[in-house]
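Novice: Mind folding the following:
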Amino acid sequence: MTPLSLPLRRKIDLYRRKGGKTSRRNTAARIERFIAFAGLPPEQIGKRHIYEFYEQQQFAQSTERDYHYALCQLWRMLGRPGEPPKPPSMR
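Specialist: Take a look at the predicted model:
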């Protein structure tokens, strides 16, 4: 597992503290699971890693949707333009 950088860890913790607690906690856990899956520093994660993640994990449609929203949040935390790729069930 790749350790998260301190600024990203702080952003995830801040995100976790605001809003609906259960939902935020689940979203933060999904972000961390995806980063662990990628095995790279978050700054090096790209669209290809997201496509591979969806291909290797056989999720239900609702779970894919939840991961997509979590990855959108990660994209914003990293300051990336646009949105990450959508899962196959949302295309």
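Novice: Please make it C-alpha for all contacts and neighbour counts, starting now.
Specialist: Will do.
Novice: per-residue pLDDT, residue 2?
Specialist: Residue 2 carries a pLDDT value of 64.
Novice: how about the strands of this protein, start to end?
Specialist: Counting by DSSP state E, the chain has no strands to list.
Novice: For it, which residues score under the pLDDT cut-off?
Specialist: For the chain, applying pLDDT under 70 flags the ranges 1-2.
Novice: What are the boundaries of the helices in it?
Specialist: Taking DSSP state H as the test, the helices found in the chain are 6-17, 21-38, 47-56, 61-77.
Novice: Residue 86: which of these is closest?
Specialist: In terms of C-alpha to C-alpha, the element of these nearest to residue 86 is helix 61-77, at 6.4 Å.
Novice: coming back round to it: reformat the helices of the chain as a markdown table; add distance to residue 83 and mean neighbour count.
Specialist: Listed next are these as a markdown table, based on distance: least, C-alpha to C-alpha, whole Å; neighbours: other C-alpha atoms under 10 Å:
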| stretch | distance to residue 83 | mean neighbour count |
| --- | --- | --- |
| helix 6-17 | 18 | 14 |
| helix 21-38 | 15 | 17 |
| helix 47-56 | 10 | 14 |
| helix 61-77 | 6 | 18 |
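Novice: To residue 90, which of the ones you listed lies closest?
Specialist: With C-alpha to C-alpha as the criterion, residue 90 lies closest to helix 61-77 of these, at 7.4 Å.
Novice: Show me what that closest one is packed against.
Specialist: helix 21-38 (3 or more C-alpha pairs under 8 Å, 6 or more residues apart in numbering; DSSP states H and E).
Novice: And the helix it packs on, how far out from the chain middle?
Specialist: Taking C-alpha atoms, centre = their mean, to the nearest Å, the mean C-alpha location of helix 21-38 is offset from the chain mean by 6 Å.
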